[in-house]
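S.K.: My questions are about this predicted structure, shown below with the sequence.
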Amino acid sequence: MNEMTPSITLPRPSALDLFLRRRLLAQLAPLRSGQLRVRDAIGEVLLGEPDALQVTVTIHNPAFYRKVAAQGSVGAGESYIHGDWHCDDLVALVRLLVRNRELLDAMEHGPARAG
């Protein structure tokens, strides 16, 4: 008997999504005191430094990148509620972001600040 795992097709990111993805990853690249693994339709990226605190975020919908660009952490939260992304350990993600608060604060500018 052959067990088959259903394949999940992720939405293809637009050129804007790709640009915003690069920008977000560049902003999070200096993470310290932990490591963030980001998985999406493009692939997988490791950010930060290997540490006891390791978190994996999986992006299911590239609209996540537009929401974060437009609304910052509020957009990320709403995107989570809508199922655009999930995390293997949400508490560890919050701990990692608190340890790197200045990076999170830097993302709250322009339209994101208004959001």
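M.R.: Structure's in. What do you need?

S.K.: part of a helix, is residue 19?
M.R.: Yes: applying DSSP: H, G, I helix; E, B strand; the rest coil, one finds residue 19 inside a helix.

S.K.: What does the pLDDT read for it?
M.R.: Confidence at residue 19, expressed as pLDDT, is 97.

S.K.: How much space separates it from residue 30?
M.R.: Residue 19 sits 20 Å away from residue 30 when distances are taken as Cβ to Cβ, to the nearest Å. Backbone N, C-alpha and C define where each C-beta goes, glycine included.

S.K.: Report the mean confidence score over stretch 22-32.
M.R.: Averaged over stretch 22-32, pLDDT sits at 95.

S.K.: what residues does that stretch touch?
M.R.: By Cβ atoms under 8 Å, 6 or more residues apart in numbering, the residues outside stretch 22-32 that reach it are 36, 38, 45, 47-49, 65, 68-69, 96, 99-100, 103, 106-107.

S.K.: Quick one, which of these are buried?
M.R.: With neighbours counted by 16 or more other Cβ atoms under 10 Å, the contacts of stretch 22-32 contain buried members at 36, 38, 47-48, 65, 68-69, 96, 99-100, 103, 107.

S.K.: Where is pLDDT lowest across the residues you listed?
M.R.: Comparing pLDDT over the buried ones among the contacts of stretch 22-32, the lowest score belongs to residue 107 (69).

S.K.: distance of residue 62 from residue 26?
M.R.: With distances defined as Cβ to Cβ, the gap from residue 62 to residue 26 amounts to 17 Å.
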